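Student: Okay, predicted coordinates and the sequence, questions at the end:
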Amino acid sequence: MKKINYILIGIIILEFFSCKITNSTTENKTEKLTKENIERLTEYISKDSIFTNKLKNYFPDLKNSSELIFEPIGTIEFLRLSNYRMETLINTEFYRKYRDLTYSEFEKFLNERDSINEFLPYRVSLDETDSEQNNNLSKRILLRFSERADNLINIEYIIINKKVDERIVYHPRKGHYLIEFDNENNIIQRFYILRTVG
């Protein structure tokens with residue numbers, strides 16, 4: 001009789017802890033993006049003059065562009081945060097709590113967060129961009145969005161190169177832009193990587 005009581009108590013305790021663990025991992029689930037979210041973020045990035053000036057200084061061919069045209073991609077894909085350095089991420093509200101971890105511990109934790117926040121790609125219907133505004137002096141930059149997770153949205157930008165010579169294989173230039181929100185959905189800060197390999 002005592003063994004059965006101990007077994008029942010053990011099962012109840014296990015269920016209690018499994019519910020707590022499940023709640024803590026689902027608490028930070030990702031948030032799907034809408035057309036309105038994407039339009040708002042695209043406008044925010046295009047008006048970020050510090051970012052656009054740094055892009056123009058980093059990529060000399062962009063200096064001659066009359067304007068940079070940011071176009072969102074309609075497919076929302078999971079983008080890992082591993083492109084960002086620990087020093088950058090611990091400046092965000094969510095990751096600040098983990099600033100005392102070593103680099104390897106932080107990397108392991110970041111990989112765990114990425115696996116929790118990972119999702120399957122999906123499409124969002126966006127308006128067509130006006131092709132007339134894409135003149136020879138403007139430069140197109142595509143924006144690939146990930147879902148919001150831990151109050152962060154990771155965005156990959158891709159600078160489109162015009163093919164001058166068919167014999168040359170062009171590799172698009174890519175970078176990342178990270179936006180942090182507060183709990184009221186206000187943008188509070190942003191970080192960016194001007195160039196990523198691959």
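Tutor: That came in fine, so what should we check first?

Student: in the protein, which segments are predicted with low confidence?
Tutor: Scanning the chain for pLDDT under 70 picks out the ranges 1-29, 129-137, 163-165, 197-198.

Student: Which stretches in it count as strands?
Tutor: Ranges of strands within the chain are 67-72, 75-76, 122-123, 138-145, 152-159, 173-181, 187-196, based on DSSP state E.

Student: okay, these in a markdown table with distance to Glu107 next?
Tutor: C-beta: built from backbone N, CA, C; applies to glycine. Output for these, formatted as a markdown table (distance: least, CB to CB, whole Å):
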| stretch | distance to Glu107 |
| --- | --- |
| strand 67-72 | 30 |
| strand 75-76 | 25 |
| strand 122-123 | 28 |
| strand 138-145 | 23 |
| strand 152-159 | 16 |
| strand 173-181 | 17 |
| strand 187-196 | 17 |
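
Student: So what touches stretch 172-182?
Tutor: By CB atoms under 8 Å, 6 or more residues apart in numbering, the residues outside stretch 172-182 that reach it are 41, 44-45, 51, 59, 79, 81, 83-84, 88, 92-93, 143, 148, 151-161, 187-196, 198.

Student: Now, of those, which are buried?
Tutor: 41, 45, 51, 59, 79, 81, 83-84, 92, 143, 148, 151-159, 190-194 (16 or more other CB atoms under 10 Å).

Student: so the residue positioned nearest the centre of the chain bridges to which residues?
Tutor: The structure's the chain has its C-alpha centroid closest to Asn154; by CA atoms, centre = their mean the separation is 1.0 Å. Beta-bridge pairing of Asn154, defined through DSSP bridges, involves Leu178.

Student: That's all I had, so thanks and see you.
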